[in-house]
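>>> sequence-free structure coming up:
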């Protein structure tokens with residue numbers, strides 16, 4: 001599906017983290033953000049891989065997932081993706097991709113499970129504790 005390729009390309013773009021935004025002596029925060037951004041890329045790749053391999057998730061299902069993350073990640077009329085930053089684009093745009101993916105997967109898992117706890121347990125089995133904790 002073309003939308004999955006677009007989400008993956010969007011997540012893979014360089015974050016544009018700027019040291020100047022962290023002030024003198026705040027390089028610890030810069031490092032924390034850089035690690036978080038890298039983790040979000042790994043998470044996005046894992047979640048997108050799952051969606052790509054699913055035979056039941058449709059492009060329409062993925063488009064519905066764009067309501068996640070307050071709808072900040074959107075599809076333009078030309079099919080390109082756009083992100084409206086809340087505070088700092090470099091630390092948010094990959095999280096938006098993960099939120100869209102987890103919303104799509106949540107909806108898929110909900111079809112066979114009754115409660116949120118069951119869905120979270122299924123997500124933990126599928127993706128491990130880290131991703132399940134961060135996105136489900």
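That came through fine. Keep in mind it's a predicted model, so treat the numbers as computed, not measured.

>>> I figured residue 16 hits residue 90, correct?
Yes. Assessed by C-beta atoms under 8 Å, residue 16 is found in contact with residue 90 at 5.1 Å. Backbone N, C-alpha and C define where each C-beta goes, glycine included.

>>> please identify which of those two sits among more neighbours.
Counted by other C-beta atoms under 10 Å, residue 16 and residue 90 do not tie: residue 90 has more neighbours, with 17 against 10.

>>> and the more buried one, which of the three is it?
helix (DSSP: H, G, I helix; E, B strand; the rest coil).

>>> isn't it up against residue 30?
No. Taking contacts as C-beta under 8 Å, residue 90 lies outside contact range of residue 30: 10.5 Å.

>>> specify the local secondary structure of the closest residue in space to residue 126 that isn't next to it in sequence.
Among residues not flanking residue 126 along the chain, residue 50 sits closest, at 6.8 Å (C-beta to C-beta, 6 or more residues apart in numbering). Three-state call for residue 50 (three-state DSSP): helix.

>>> likewise for the one 5 residues further on?
Here residue 55 is coil, with the state taken from three-state DSSP.
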